[in-house]
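# Task: produce atomic coordinates for the following.
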Amino acid sequence: MPNLFPVVGASSGTGVGVGTRTEAFLAAGKKGAIPFGRSPKFDHSVGEFVTTPTGKIAECVGTEAWLEWCQKALRSRRYTHLVYSRAYGQEYDDLIARHLSRQANEMEILRMTTETVKVDPRTADVRHFTFNWEKEGCSFQCEIVNIRGEQKNIKGSVVIN
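Down below sits the predicted model:
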């Protein structure tokens, strides 16, 4: 079966293609453990980076960095930002035009969320979805599991009407 997310780019002697972070993860996975790396901390409720008392942007490492990546991917629209690959982000806005039933919307949110988060090789599973419907939208919560077996809850929302 062909790869849904093929690795494209010039290859050096190490077998790592030039270009994306995903390619580096794939290459690291071939050698052994997948690195979790580090990420700037972002307060998603306020929409600002978290700063240290000295004014620098705070960083997170390991599982917290992976969780930051997942939250950011679920808040980014796919195909909108040229800096990201075509595999990055979600397509929740497409649900508006479909006029689906509530159950069908929940199934699509589950599918899109799972696809979005599982693009990252650090993610092993996405499960246990709960949905809360309000007037014009749906908020959801799910559990994500990384390759180390660590489980975290993540929240998202979709405007349907």
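
# which residues touch stretch 124-143?
Contacts to stretch 124-143, defined as C-beta atoms under 8 Å, 6 or more residues apart in numbering, come from residues 102, 105-106, 109-110, 113-114, 117-118, 144-147, 149, 151-161. For glycine as for every other residue, the C-beta is placed from the backbone atoms N, C-alpha and C.

# same deal with stretch 54-64?
Counting by C-beta under 8 Å, 6+ apart, 36-41, 49-52, 68, 146, 148, 150, 152 sit against stretch 54-64.

# now the strands for the chain?
38-40, 42-43, 48-49, 59-61, 123-133, 137-146, 151-159 (DSSP state E).

# Highest mean neighbour count across the ones you listed, which stretch is it?
Mean neighbours per residue, mean count of other C-beta atoms under 10 Å, is largest over these for strand 137-146, with a mean of 18.

# Compute the inter-axis angle for that strand and strand 151-159.
Using axes from the mean of the first three to the mean of the last three C-alpha atoms, to 10 degrees, the direction of strand 137-146 lies 150 degrees away from that of strand 151-159.

# Pairing partners for strand 137-146, with directions?
strand 123-133 (antiparallel), strand 151-159 (antiparallel) (DSSP bridges).

# By mean pLDDT, show me the worst of those strands.
Note on these: lowest mean pLDDT is at strand 151-159, with a mean of 89.

# List of residues touching that strand?
63, 67, 70-71, 74-75, 92, 95-96, 105, 109, 113, 117, 136-146.

# Go ahead and measure how far it is from the middle of the chain.
What separates the centre of strand 151-159 from the centre of its chain is 11 Å, taken as C-alpha atoms, centre = their mean, to the nearest Å.

# Arg55 - how many residues pack around it?
Let me fix one detail, which is that residue 55 is Gly and not Arg. Using other C-beta atoms under 10 Å, Gly55 has 6 neighbouring residues.

# Now do it against Tyr92, distance only.
35 Å (C-beta to C-beta, to the nearest Å).

# which one's the longest helix in the chain?
The longest helix of the chain (DSSP state H) is helix 102-118.

# Tell me what angle that helix forms with strand 151-159.
130 degrees.

# Show me what helix 102-118 is packed against.
Applying 3 or more C-beta pairs under 8 Å, 6 or more residues apart in numbering; DSSP states H and E, one finds that helix 102-118 contacts helix 63-75, helix 94-98, strand 123-133, strand 137-146, strand 151-159.

# if we compare the ones you listed, which one ends up closest to Ser85?
Evaluated over these, closeness to Ser85 peaks at helix 63-75, with 11.0 Å, by C-beta to C-beta.
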